[in-house]
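Participant: can't give you the sequence, but here's the structure:
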């Protein structure tokens, strides 16, 4: 079937009948008759009436904070409102729930008055808005705003009716290059999303997905632990899944002085991590926002090399092997094989991977050569423990505490420039309202 991955017509995805696995879902209607909460800014701020009006559609507080920085930047100056789609459905919104929301007027209501709706974090939360784009041009059920899909996590997160979902996404990708060109744009904040989508919907993006990474901004957070921070110790935080590696470190590598933040707690943010020797992290996702925040604030970060990460994964000490939502070297290997066979779009990374890294490492942002000057890798747990013998100054031989901050000040401007280009692609001009459909 791989030979059909670039076909223009839809293909049979060979999945089990959706109705055999799909749960029933419910939630608020969130329409004109039964409106839900929208965190409003421009309607109540008395701001510039001609400012770009954006609704940020997400459940994720981190992405929302990041986009506040985008919207408030001098380059864009957008008026931003926020809508949390947890009000209408849980993770993995089904086609039936999306259809009911569209028919009930949710998409039309939530898009009304906005120039752009940005769907972020888990794309399925925005399934109703996306489904409405397939309505007839004159349909009162259709979202009238321009739409940006900002993929920051697997685009099919928790979706059970994959056949219907992949077909919808495949159709929308095609339409975003034709009928909906200039009205629907796809972006991501990491290297894996475009390849992952293409491998699932069995179609390439004709227009490359622009990678717009987080701005690296962070709020001030309360220090999360009872024990005081120290430059003599490392900090770490348990991942959402697969915490065995931290148990191994605590029980078998006791010479490593490490304070571990439980996964149920906030990790404290980069300003607190600067009080430690460094931050140890075992990837549970292909990309996480704290990675960029830490570089931007000068936190020395220590990660397993690709070889060690793969070994830990195979031993069951890392992320779950059978749960494809999380960081998975086998999934990355499959994407690398397909890309080498030209079944997926080519890589858009500006620099080559380290010669010591396998091809699959390009799908993990921590291994991206752009960030290599600001991160550290260890190739064994013994090597990690040996770092304990060095001072904070000695282990930070790249001077990340200063160079990371300077790098991200420049890098942040390129991210904001990219977002401005996206909005111009949708028809925005500085100081003028957009014409919506």
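Facilitator: Now that the structure is in, tell me what you want to look at. Remember, it's a predicted structure, so these values are computed and weren't measured experimentally. Residues are numbered from 1 along each chain as shown.

Participant: Residue 66 is in contact with residue 214, correct?
Facilitator: Yes: if you go by Cβ atoms under 8 Å, residue 214 and residue 66 touch, sitting 4.8 Å apart. The way it works is simple: take the backbone N, C-alpha and C, and place the C-beta from them, glycine included.

Participant: list the residues that contact both of the two?
Facilitator: residue 289 (Cβ atoms under 8 Å, 6 or more residues apart in numbering).

Participant: buried stuff in the lengthiest helix in the chain?
Facilitator: Counting residues, the longest helix found in the chain (DSSP state H) is helix 400-425. Residues of helix 400-425 classed as buried by neighbour count (16 or more other Cβ atoms under 10 Å): 400-401, 404-405, 407-408, 411-412, 415-416, 418-420, 422-423, 425.

Participant: Repeat that for stretch 76-90.
Facilitator: Result for stretch 76-90 [16+ other Cβ under 10 Å]: buried residues 76, 78-85, 88-90.

Participant: Just the endpoints, please. Distance across it?
Facilitator: Separation of the first and last residues of stretch 76-90 by Cα to Cα, to the nearest Å is 32 Å.

Participant: Show the average pLDDT along that stretch.
Facilitator: For stretch 76-90, mean pLDDT is 92.

Participant: how close does the spatially most central residue of the chain sit to residue 299?
Facilitator: Residue closest to the mean C-alpha point of the chain, counted by Cα atoms, centre = their mean, is residue 152 at 1.5 Å. To residue 299, residue 152 is 21 Å away according to Cβ to Cβ, to the nearest Å.

Participant: packing partners for the longest helix of the chain?
Facilitator: Under the contact criterion of 3 or more Cβ pairs under 8 Å, 6 or more residues apart in numbering; DSSP states H and E, helix 400-425 touches helix 61-72, strand 184-188, strand 210-211, helix 289-297.

Participant: change it to 6 Å
Facilitator: On a contact count with 3 or more Cβ pairs under 6 Å, 6 or more residues apart in numbering; DSSP states H and E, helix 400-425 meets helix 289-297.

Participant: tell me the angle of the helix it packs on relative to helix 61-72?
Facilitator: 50 degrees (axes from the mean of the first three to the mean of the last three Cα atoms, to 10 degrees).

Participant: the inter-axis angle of helix 289-297 versus helix 400-425?
Facilitator: Going by the same axes, to 10 degrees, helix 289-297 makes 120 degrees with helix 400-425.

Participant: And the next helix or strand past helix 289-297?
Facilitator: Where DSSP states H and E defines the elements, the next helix or strand beyond helix 289-297 is strand 301-304.

Participant: Tell me the strands beside that following strand, with direction?
Facilitator: Here strand 301-304 has these sheet partners by DSSP bridges: strand 278-280 (parallel), strand 376-378 (parallel).

Participant: now for those strands, which one comes closest to residue 157?
Facilitator: strand 278-280 (25.8 Å; Cβ to Cβ).

Participant: list the buried ones in that closest one?
Facilitator: 278-280.

Participant: Low-confidence regions, the stretch 301-437 of the chain specifically.
Facilitator: Judged by pLDDT under 70, the stretch 301-437 of the chain has its weakly predicted residues at 350, 430-437.

Participant: got JSON lines for the strands paired with strand 301-304, with distance to residue 258 too?
Facilitator: Listed next are the strands paired with strand 301-304 as JSON lines, based on distance: least, Cβ to Cβ, whole Å:
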{"stretch": "strand 278-280", "distance to residue 258": "6"}
{"stretch": "strand 376-378", "distance to residue 258": "13"}
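
Participant: Out of the buried residues of strand 278-280, which is nearest to residue 108?
Facilitator: The closest of the buried residues of strand 278-280 to residue 108 turns out to be residue 279 (Cβ to Cβ; 45.2 Å).

Participant: for that closest one, what are its contacts?
Facilitator: 235, 273, 299, 301 (Cβ atoms under 6 Å, 6 or more residues apart in numbering).
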